[in-house]
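1. A structural model of the following input is requested.
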Amino acid sequence: MRKTVFLLLFFMSQSVFSDAQNDSDKLFDWAENQLPAYFPSSGQTSKTIDVWYYRYYPNVNNYIAVNTDELDVYIVSYVVGGYIRVGTLETLMQLAGLKSEIVEAQAVIERDDNAYQLDLALSGSLQNPAFSPDGKSITFTRFIDGYNKGSSDIFIYDIETFELKLLVSNGDSNINLPGSVWNDTSESIVFSSERETHDEIYMISDTANPGDETQLTNRNNKQSYEPSFSPDGQWVVFESHDIDVEGYGVVTKYKINGESEYIELTSSTEDARQPNWSPAGDKILYQKKVQESWSIWTMDINGSNNTMITSSNESNTDAVFSYNGQWIIYSSENDDVELANIYKIPSKGGDPIQLTRTDGYDGAPSISPDSTKIIFESVAEDPDKSKGTAIWILDI
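-> Residues are numbered from 1 along each chain as shown. All right, here's what the predicted structure looks like:
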């Protein structure tokens, strides 16, 4: 019970990064004020040992500490028999309602394009943006503890009114794919969620609230994620894996009213992922690992006529169709860029054209319905080594 109390206390927060010791002291003071039974204040001062900045509470034999290298917060309690990592300092500060004195300097993205960052008042890593059918809003995933780390929520953001709405949040991993995930016919957003034992596919009305989602897939021996809608909103296509198996993804489609079987479109001996339906409804694109690199492929919706679109000598991922179906927009890591940038290529194959230009990372693109903008995630360094990405827009 006490372990649960500690976790709930510290996960009820989010923040902007700042000077580690100043913000740590603010968080320590807040904990003493909110839970004096566990952190009774009697004039304790913060101390430093190696990378640890901490306070000790001898009456209850508890410590609260921040690892100043990782900026993670820990509780050491003999009541629960050891230490508990309760989240990042950044995440915990804001949910506690605490303001940082000195915002940590972030790496500056050097760009040679005219892309601009959306000013979203959220901490964590903002990823996988996708446009609404009318192009006025976006949906995206926010990972709380960093790039692809920790639990994740799904938001809607109106890019005209700047209204931010929390759509899906339950403490688990909830993730949308870029591309055709927001359907005009059903007025719904499709996503995957790791609830109970493994990932399954869910959908939710774009006017709903957290808890209103509907589960679509339900299999005991398979996990399902990275879904997108057919244009008529009657089908979803997604990648399917055996339970606890990361590789060998199989592109699978399923009718959302449950009237179909699970139809596998690619071979279980391959590794195919992140399928996206074409606006005309006649094609599905996906990425497939070929000779240890990812290439973009297309196929007919019955799984036939598989065609490789991009080179197998690069790492090409996160592909979506343009709304007129003439182009495929994707993220590419190749010899011409330090980290992945966004490119487009004719949907039947041809020469790629670079769209974004940065020494940092650009990925997970989507294109507006009028084909005048792309939206994507970006950070000035390798995203896996970063604290998370932000969302950017480029007029094209």
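2. where does the prediction get shaky in the stretch 51-200 of the chain?
-> Within the stretch 51-200 of the chain, the ranges that satisfy pLDDT under 70 run 78-81, 94, 99-109.
3. got the residue ranges for the strands in it?
-> 52-57, 62-67, 72-77, 82-88, 116-117, 125-131, 137-143, 152-158, 164-168, 173-175, 182-183, 188-195, 198-205 (DSSP state E, counting those that start in this stretch).
4. turn these into CSV, including mean neighbour count.
-> C-beta coordinates here come from the backbone N, C-alpha and C atoms, glycine included. CSV is the format used below for these (neighbours: other Cβ atoms under 10 Å):
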stretch, mean neighbour count
strand 52-57, 18
strand 62-67, 22
strand 72-77, 20
strand 82-88, 17
strand 116-117, 12
strand 125-131, 25
strand 137-143, 23
strand 152-158, 21
strand 164-168, 18
strand 173-175, 22
strand 182-183, 24
strand 188-195, 22
strand 198-205, 21
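5. of these, which is nearest S386?
-> Closest of those to S386 is strand 125-131, at 7.9 Å (criterion: Cβ to Cβ).
6. what's the spacing between that closest one and its chain's center?
-> How far strand 125-131 lies from its chain's middle: 7 Å, per Cα atoms, centre = their mean, to the nearest Å.
7. so what touches it?
-> Residues outside strand 125-131 that contact it (Cβ atoms under 8 Å, 6 or more residues apart in numbering): 120, 137-143, 146-149, 175-182, 364, 366-369, 375-377, 383, 386-391.
8. which of these count as buried?
-> 120, 137-143, 146-148, 175-182, 364, 366-369, 375-377, 383, 386-391 (16 or more other Cβ atoms under 10 Å).
9. could you pull out the buried residues of the longest helix seen in the chain?
-> Criterion DSSP state H: the longest helix present in the chain is helix 20-34. Neighbour counts over helix 20-34 (16+ other Cβ under 10 Å) mark 20, 23-28, 30-32 as buried.
10. helices or strands up against that helix?
-> helix 2-11, strand 52-57, strand 62-67, helix 89-95 (3 or more Cβ pairs under 8 Å, 6 or more residues apart in numbering; DSSP states H and E).
11. rerun that using 6 Å as the cut-off
-> strand 52-57, strand 62-67 (3 or more Cβ pairs under 6 Å, 6 or more residues apart in numbering; DSSP states H and E).
12. JSON lines for those, including distance to A96?
-> Shown next, in JSON lines, are the helices and strands packed on helix 20-34 (distance: least, Cβ to Cβ, whole Å):
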{"stretch": "strand 52-57", "distance to A96": "16"}
{"stretch": "strand 62-67", "distance to A96": "13"}
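13. D212: which of those is closest?
-> For D212, the closest of the helices and strands packed on helix 20-34 is strand 62-67, at 36.8 Å, according to Cβ to Cβ.
14. neighbouring strands - and their directions - for that closest one?
-> Strands that pair with strand 62-67, judged by DSSP bridges, come out as strand 52-57 (antiparallel), strand 72-77 (antiparallel).
15. report the angle between that strand and strand 82-88.
-> Angle, strand 62-67 to strand 82-88, by axes from the mean of the first three to the mean of the last three Cα atoms, to 10 degrees: 50 degrees.
16. tell me the angle strand 62-67 makes with helix 20-34.
-> Going by the same axes, to 10 degrees, strand 62-67 makes 150 degrees with helix 20-34.
17. kindly export strand 62-67 (C-alpha atoms) in PDB.
-> Extracted C-alpha coordinates of strand 62-67, given in PDB (Å, rounded to 0.1, in the frame of the first residue of the first chain):
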ATOM      1  CA  ASN A  62      13.200   7.300   4.300                       C
ATOM      2  CA  TYR A  63      15.300   9.100   1.600                       C
ATOM      3  CA  ILE A  64      14.100  11.100  -1.400                       C
ATOM      4  CA  ALA A  65      16.900  11.500  -4.000                       C
ATOM      5  CA  VAL A  66      17.600  12.700  -7.500                       C
ATOM      6  CA  ASN A  67      20.200  11.200  -9.700                       C
END
